[in-house]
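S.K.: Pasting a predicted model and its sequence here:
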Amino acid sequence: MRRATVRSVEKTAAGASLASSVNAALAGRSLGGELAGSDVALRRLLSGLPGVDQVGAEARAAALATRSVKRESKLRALELAIAMIDLTTLEGADTPGKVVALCAKARRPDPSDESVPAVAAVCLYPDLVGIAHRQLAGSSVRVAAVATAFPSGRASLAVKLADTREALDAGADEIDMVIDRGAFLSGRYGQVYEEVRAVREACADATLKVILETGELATLDNVARASWLAMLAGADFVKTSTGKVNPASTAPAALVMLSAVRDFHVATGRRVGVKVAGGIRSAKDAIRYLVLVAETAGEQWLNPMSFRIGASSLLNDLLMQRSKQLTGVYAGHDYFTID
Amino acid sequence: MSFTYAPAPESREIVTLQPSYDLFVNGDFVPALSGRSFSTTNPATEEPLADVASAGPEDVDRAVAAARAAFEGPWGKMRGSERAKFLFRIARVLQERAREFAVLETLDNGKPIRESRDVDVPLAAAHFFYHAGWADKLEHAGLGPAPRPLGVAGQIIPWNFPLLMAAWKLAPALAAGNTCVLKPAETTPLSALLLARVCQEADLPPGVVNVLTGAGDTGAALVAHRGVDKIAFTGSTEVGREIARAVAGTGRRLTLELGGKGANIVFEDAPIDQAVEGIVNGIFFNQGHVCCAGSRLLAQEPIAEPLLERLRQRLDTLRLGDPLDKNTDIGAINSKDQLDKIRALADSGEKEGAGRWSPPCRLPARGYWFPPTIFTNVSQSHRIAKEEIFGPVLSVLTFRTPAEAVAKANNTPYGLSAGIWTEKGSRILWMAQQLEAGVVWANTFNRFDPASPFGGYQESGFGREGGRHGLEAYLDA
């Protein structure tokens, strides 16, 4: 079981003050389980985080969006983005046939070109995990399931855990859980923490991604706090959104989350990943996120173990832009399979 | 996998450089009567760009006479709403030809295209738009029922924001009904000459705007000219003093926008990531060639070390190099003279015992370059804490209490800008009242808007530019 244990704390680094408070918090938990379920202790820790100035964060995200990625850099970025995709379908109308097609596309995004990497994972509702698991056997593509009463998170812990176990039993390698935003916004941090911890334990070796639904958290301060809460409770990834709420992933929210994982790494030595999801449809947007990662968290995050992009139609735009980079001309839409 | 940016240079094609440029007098480009000229170069490559006419006293005479005739003629008689049309027209042309202006500015000045494209040119257009709106509403500016223009304004601008400073000077003067003789800096004359071309194409009546290129002696001749009713100068405190002496007792109006040694004050409860951005923007924007730069960082002791650590990490990501590359953050130093000055002051900081640090970065072999530099363990008495460096050099000092921060921030003969970083609103208001600076930014730095007056205290000058207050500099109220 992976836990937020502190391996080495770099006292000299920027996170020194945070490191000590995180350590204190973690020590408190292991001593008497005080952090667990304690709204007061968690609030003290989270409100001790440096504030986020919204205007400044938005300006920084906008400035990074003007980076110009061209030629060989663009080709590398496009291929990296393909390898980071969690190819997603989360519709009520999903069918087994659609999942089979999605898995084929995930393994081999461009049937005419073997050098295109496979995507990182497919992301589905739990009832379709079994099909995907069989389709992807023997490939590098992982199966991710949304669970814990996705997308609203409005169910009892027992239901959320049952949801999670079902997905895992069907063969899910990764669980994308949602936090209870109602509990978070009303200050019941202990409850949110406990739920993430419980799902973390249920996940065992499976990767746990915690969806913050930044579009419902209202402030960037909350985005930072929710990120820390999820990381403290053992998340392997923090994820922006379900894709079911508007706004979904935004550059400023991603910027704040990337800063949080960087600071958490300095404080605890553990590298938590970031997943952006929802509304990312163009290669241009995807590359902008890669720039955010490189210039905020750092290049150590620029791999599918530490950064993911949840998307569906994005993949075809990446393929189209890639073929444009290689051949110099755009191929028509019909040269790219729809799923 | 390492994430790199391939070169992404903006094309120079859009700019057509002439081999030589004449003066713009009375609506026409005319050779200098002085017969002299000088060369302007690209500071990033030391490549000569063009030969530019150098205006002598007889050229100043001619330009001032043209401005006087225009003031007493068509421009002086024109209704405000008609003047506004010309300003709107210039603003729109600036937007339409934004890329051309941006590339030209970057070539002549050395600043990154990202800044000339996203800051200088849009703000210059915004100044014309803003002041166009005032032209027919001057009686509502709170400066009396019928404020009158002053007449002929002699305007001398610096090399750090050549086009933007031209806009700051021309737009309010024209909106208020004055006519202008503009003298751009010797090392950066080209964008003002292109702006002159735009004025010509906008059918601005001849003589309303005149552009005289030249060095310090041209500026001195303009200042000394008896036909000029008002002098507006932006530049160094040293030259500002000379101008004040020359104008004293003549009854002519004067506004000065001079140097600064701005304090960027970071409290322990600051939004730290944004504060780091603000510090970077405060001192490394435009290679630190900013009169209101936040060249002194005052960090509260508990946060000083973590803040510096993050600042160093951030500086590692700054990209120095070809100013025309769209991903360049730090461009070239504008001139050899300025580079020598920055080097001398930085060396003095080292000699006086401050700790010097720059991120590892390769400087191009040709051109004028200086790496982003931080000095720690700086005390108030060091030259690098007192004198304006006007380069990418940050001096870091610490403080314990808000009162100490105010005392240190105000302990300078300058008083142009200051920044406060804290999540506590009441402290921002208290600090802003105590700080002797013309502009106080809260949780941001180096933000400009034409509606917001800009100017200094003490040796940073007097008079305001921008906003309602800025109109006063060009009106007899």
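M.R.: Cool, the structure landed. Because the structure is a prediction, the values reported are computed rather than measured. Residues are numbered from 1 along each chain as shown, chains lettered A, B, ... in the order given.

S.K.: from the stretch 51-200 of chain B, which residue is nearest to chain A?
M.R.: Nearest residue of the stretch 51-200 of chain B to chain A, counting by Cβ to the nearest Cβ: residue B:114, 6.3 Å away. Glycine gets a C-beta too; all of them are placed from N, C-alpha and C.

S.K.: check contacts around that residue.
M.R.: By Cβ atoms under 8 Å, 6 or more residues apart in numbering or on different chains, the contact set of residue B:114 is A:66, B:326, B:327, B:328, B:329.

S.K.: I'd like to know which residues of chain A are adjacent to chain B.
M.R.: Residues of chain A lying close to chain B (Cβ under 8 Å from any Cβ of the partner chain) are A:12-17, A:50-53, A:55-57, A:59-60, A:66-74, A:76-77, A:80, A:259, A:290-291, A:294-295, A:299, A:302-303.

S.K.: hmm, back to that, tell me which helix or strand the residue of the stretch 51-200 of chain B closest to chain A sits in.
M.R.: In the assignment (DSSP states H and E), residue B:114 maps to helix B:113-115.

S.K.: got the residues of the stretch 301-450 of chain B near chain A?
M.R.: B:302-303, B:305-307, B:309-310, B:313, B:317, B:326-327, B:423, B:443-444.

S.K.: Make a markdown table from these and add secondary structure to it.
M.R.: What follows is those, written out as a markdown table (DSSP: H, G, I helix; E, B strand; the rest coil):
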| residue | secondary structure |
| --- | --- |
| B:302 | helix |
| B:303 | helix |
| B:305 | helix |
| B:306 | helix |
| B:307 | helix |
| B:309 | helix |
| B:310 | helix |
| B:313 | helix |
| B:317 | coil |
| B:326 | coil |
| B:327 | coil |
| B:423 | coil |
| B:443 | coil |
| B:444 | coil |
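
S.K.: Max pairwise distance over those residues: which two?
M.R.: Spanning the widest gap among these are B:302 and B:326, at 39.0 Å by Cβ to Cβ.

S.K.: just to revisit the earlier point, buried ones among the contacts of residue B:114?
M.R.: The neighbour-count criterion (16 or more other Cβ atoms under 10 Å in any protein chain shown) marks B:326, B:327, B:328, B:329 among the contacts of residue B:114 as buried.

S.K.: now the helix holding residue B:114: how far from the chain's centre is it?
M.R.: Averaged C-alpha coordinates place helix B:113-115 at 15 Å from its chain's average position (Cα atoms, centre = their mean, to the nearest Å).

S.K.: again, but for stretch B:306-314
M.R.: On Cα atoms, centre = their mean, the centre of stretch B:306-314 falls 28 Å from the chain's centre.

S.K.: again, but for stretch B:207-214
M.R.: Relative to its parent chain, stretch B:207-214 has a centroid offset of 19 Å by Cα atoms, centre = their mean.

S.K.: One more: stretch B:344-364?
M.R.: Counting by Cα atoms, centre = their mean, stretch B:344-364 is centred 25 Å from the centre of its parent chain.

S.K.: And stretch B:40-49, by the same measure?
M.R.: 20 Å.

S.K.: what's the helix or strand for the residue in the stretch 201-350 of chain B positioned nearest to chain A?
M.R.: The minimum distance from the stretch 201-350 of chain B to chain A, using Cβ to the nearest Cβ, falls at residue B:274 (3.1 Å). Assigned by DSSP H and E, residue B:274 falls within helix B:272-284.
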